[in-house]
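J.: Take this sequence and fold it.
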Amino acid sequence: MSPRLRLILSVVAILGVFVIGTLGYMVIETERAPSFLDAAYMTAITVSMVGYTEV
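T.: Numbers count the residues shown, from 1 in each chain. Next comes the predicted model:
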């Protein structure tokens, strides 16, 4: 497998995790109804393992 193809697959995988996580957070958290940016922020801090005790 070429390095370029590996890089493309890695970027697609990371973006896929981010999109699925964001959409999943929006579906699961129906009580508070987060905006897309709130859900993206929560996904980013969860995936990056920062976790500001907001979850």
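
J.: Only C-alpha atoms from now on, for both contacts and neighbour counts.
T.: Fine.

J.: Name the surrounding residues that touch stretch 35-55.
T.: Stretch 35-55 has contacts (Cα atoms under 8 Å, 6 or more residues apart in numbering) with 18, 21, 22, 23, 25, 26.

J.: do that again at 7 Å, thanks
T.: 18, 21, 22, 25, 26 (Cα atoms under 7 Å, 6 or more residues apart in numbering).

J.: residues near residue 26, how many?
T.: 19 (other Cα atoms under 10 Å).

J.: Kindly report the same for residue 18.
T.: 18.

J.: Also residue 45?
T.: For residue 45, using other Cα under 10 Å, the count is 15.

J.: Okay, now the unreliable bits of this structure?
T.: Counting by pLDDT under 70, the chain shows low-confidence ranges at 51-55.

J.: which residues in it form helices?
T.: Under the criterion DSSP state H, the chain carries helices at the ranges 3-28, 36-47.
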